[in-house]
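1. Everything below, folded, please.
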Amino acid sequence: MRKRGAVSLYVVIFATLLLMVVTLSFVRIMLQEQRNTAGDDMSQAAWDAALAGVEDARVAILQYNRCISSGDTSARCEELKKLMRNETMTGNPHVCDRVAVALGRSPNQETLIQEGNVGNVGQWLDQAYTCVQLSGSAGDYLGQLGDGAARSQMIPLRAESTFNRIQINWGSSNDFGVAGPNIPGGAPPQRLFNNPRGGGMQAFEGLFDNSWPSNTPIPLTAHLIQTSSDFTLTGFDNPLPENATTSGTTNRGALTFIPVAGGTNVHNGTTPLALGLMLESNNKNTVNRPVAVHCEAPSPTRAWACTATFDLPSPIGGGRNMGTSFLRLENIVGLDTSDYQVLLFDGNSPVAFAGVQVVVDSTGRAGDRFRRIEGRIEVVDVGFAYPDFTLDMRGGGPTANFCKDYIVTINSWDGNNSVNEGNCP
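-> Below you'll find the model as predicted:
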């Protein structure tokens, strides 16, 4: 009689222990998720703070451009010119407070991010950017081609030393869906258009009739514009013999790259294309032959879907003048966006761009979390302005209107002075 009910007591004890274990497990999971959520929020806040450092660097560069273009010789502008030239373009970039000093803030201090009214500066998430470094030397040129005005980009070919080879990579993992790119197969294209003397322009099938497949690396055209130190405008209309091989000079040329999955006579992106392709592209009496480029889906070991490499001919009259040499990249279908990268080489040795893009290395902080990012800011040559394009055929197709609008401005680098939309009939 004294042992009756012992089993029930054991059941209650073990059930209580089990509930305690389950409860503690749930509490542990909830606390872990709460810590992860808070950590993610702080990490994002640190990322935002680092972006604020990039934007402040952009403001400092704009103020520097304004001082240069206006000829301002005030003490403030002279200090800014010295600061940006010495530390951004030619000097030691490894200084953290140059942007803050350029914007009139205290040196050797982090910059708090304002999150509300003046009395709430840096109080909620304790955000600040702690270090922003600038460098005018970039190992590559990074950009994105899209539709409309963004479908072409003028890239100054200014480098730290001489170069004779260009490599273009395009189609990053950001450009495609989870399944990867849809790369067309089949035979490579034979021609972009017929001889103009033999019947006029004939569009390459699949490029200009909106039938180019989506989620596909874009066809790309690379236009070369270059001169020596002395040149005449007639040099840009200097034809070369058809089937030119390795000899000859030219001030311009163009190569069109068509992505394909494989096949014969396909450029592998590693071996440079024959120099004659660029040379003979300046001959109006011959056929512009597009280049089929082998493309694959980006992967952890392959950053870009497509790669094209080509050697550069010499300009007419001697050595290349970097101040008047450009590469214009064009998205010739204008349907999808594409990230791209341009690299310069002297033979097989890489050469860095000089003063074309400012590399911004920004570190942001939120509480005790830090994030570090790299941004790129275009360097505008206020002494030699150049347009992104000269003609705008709105609407596309053979009946597109030819729009002509012109402006004259002192600050050619200032995008706020651009032509307003809709001025043309």
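2. for this structure, which residue is closest to the average position?
-> Note on the chain: the residue nearest the mean C-alpha position is Gly143, at 1.5 Å, using C-alpha atoms, centre = their mean.
3. quick one: what helix or strand has that one in it?
-> Assigned by DSSP states H and E, Gly143 falls within strand 141-145.
4. Just the buried residues of that strand, please?
-> Buried positions in strand 141-145, judged by neighbour count with 16 or more other C-beta atoms under 10 Å: 141-143, 145. Just so you know, the C-beta spots here come from the backbone N, C-alpha and C atoms, and that holds for glycine as well.
5. May I have the strands that pair with it, each with its orientation?
-> Partners of strand 141-145 in the sheet, by DSSP bridges, are strand 338-346 (antiparallel).
6. how far is stretch 20-35 from where the chain is centred?
-> Distance of stretch 20-35 from the chain centroid (C-alpha atoms, centre = their mean, to the nearest Å) equals 45 Å.
7. For that stretch, what does the pLDDT average out to?
-> In this model, stretch 20-35 has an average pLDDT of 81.
8. Equivalent analysis for stretch 318-330, please.
-> For stretch 318-330, mean pLDDT is 89.
9. gap between the two ends of that stretch?
-> 28 Å (C-alpha to C-alpha, to the nearest Å).
10. Not counting its own residues, what contacts that stretch?
-> Contact with stretch 318-330 is made by 143, 145, 151-159, 162, 166, 168, 220-231, 312, 314-315, 340, 342, 384, 386, as judged by C-beta atoms under 8 Å, 6 or more residues apart in numbering.
11. Bridged to the residue nearest to the centre of the chain, which residues?
-> Taking DSSP bridges, one obtains Tyr340 as the residues bridged to Gly143.
12. list the contacts for it?
-> So Gly143 contacts 153, 155, 329, 339-340, 342 (C-beta under 8 Å, 6+ apart).
13. just wondering, since we're on it, how far is it from Ile155?
-> From Gly143 over to Ile155 the distance is 8 Å, taken as C-beta to C-beta, to the nearest Å.
14. got a pLDDT number for Ser412?
-> 55.
15. how about the helices of this protein, start to end?
-> Secondary structure of the chain (DSSP state H): helices at 6-70, 75-84, 98-102, 275-280.
16. Let me know which of the ones you listed is the nearest to Gly177.
-> When the helices of the chain are compared by C-beta to C-beta, helix 6-70 sits nearest Gly177, at 24.6 Å.
17. from the chain's centre, how far out does that closest one sit?
-> Relative to the centre of its chain, helix 6-70 is centred 31 Å away, using C-alpha atoms, centre = their mean.
18. Return the list of helices and strands in contact with that helix.
-> Counting contacts by 3 or more C-beta pairs under 8 Å, 6 or more residues apart in numbering; DSSP states H and E, helix 6-70 packs against helix 75-84, helix 98-102, strand 111-112, strand 127-138, strand 353-366, strand 369-378.
19. The closest residue to Thr270 other than its chain neighbours: neighbour count?
-> The shortest distance from Thr270 to any non-neighbouring residue, by C-beta to C-beta, 6 or more residues apart in numbering, is to Thr309 (6.7 Å). By other C-beta atoms under 10 Å, the residues close to Thr309 number 19.
20. and Thr309, what are its bridge partners?
-> Gln167.
21. what sits against it?
-> Neighbour list for Thr309: 165-168, 269-273 [criterion: C-beta under 8 Å, 6+ apart].
22. do that again at 7 Å, thanks
-> 165, 167, 269-270, 272-273 (C-beta atoms under 7 Å, 6 or more residues apart in numbering).
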